[in-house]
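> prediction below, plus the sequence it came from.
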Amino acid sequence: MSNKANGKIYHSFDEIGQELFNLKPQRRVTRDKQKLVSQREKLLGTCPHCGQQLRFVYGTNVLACANEDCKGKKYTNTNANGEEIVRYKPYTKIMDDRQAMIANIIFDEKENGK
Ligand SMILES: [Zn+2]
């Protein structure tokens, strides 16, 4: 959503309110630290391979396993010589648009007053 006013493009109601009506920026993140921690935990979830909490890759829609010792999903193939080839794929999860939007808000340090 953007609105044009005097040639300036606004990208949110917040921007319009702040500039034209001197409103304070709206806080989108809870002040309750415990609630924020549980919101983050719930959104992140855990790695299905090692059980460790996933890490949000900031600015993206990706959650990844942060455990350095976790190899992720195991794939086994047999090559032409009949030898077994084992490969691992690190676990990542793609969030939908809504989840990604929430993640970018609740993990934004500016929003959290840091
Ligand atoms: Zn893992």
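Received, thanks.
> give me the phi and psi for the residue lying farthest from the centre of the chain.
Residue distances from the centre of the chain (Cα atoms, centre = their mean) peak at Asn81, which lies 43.1 Å from the mean C-alpha position. Its backbone dihedrals place Asn81 at phi -90, psi 10, with angles given as degrees, to the nearest 10.
> same check, this time on Thr30
Taking degrees, to the nearest 10 as the convention, Thr30 sits at phi -60, psi 150.
> is the residue nearest to it when sequence neighbours are not counted inside a helix or a strand, and which specific one?
Beyond its immediate neighbours in the sequence, the residue positioned closest to Thr30 (Cβ to Cβ, 6 or more residues apart in numbering) is Leu36, lying 5.4 Å away. All C-beta spots, glycine's among them, are computed from the backbone N, C-alpha and C. When elements are assigned from DSSP states H and E, Leu36 belongs to helix 33-44.
> buried residues, that helix. List them.
Residues of helix 33-44 classed as buried under the neighbour-count rule (16 or more other Cβ atoms under 10 Å) are Leu36, Gln39, Leu43, Leu44.
> which among the residues you listed gets closest to Asp108?
Ranking these by separation from Asp108, with Cβ to Cβ as the measure, puts Leu36 on top at 11.3 Å.
> next one, pLDDT for the closest one please.
Listed pLDDT for Leu36 reads 94.
> follow-up on the earlier one: so how far is the helix holding Leu36 off the chain centroid?
Helix 33-44 has its C-alpha centroid displaced from the chain centroid by 12 Å (Cα atoms, centre = their mean, to the nearest Å).
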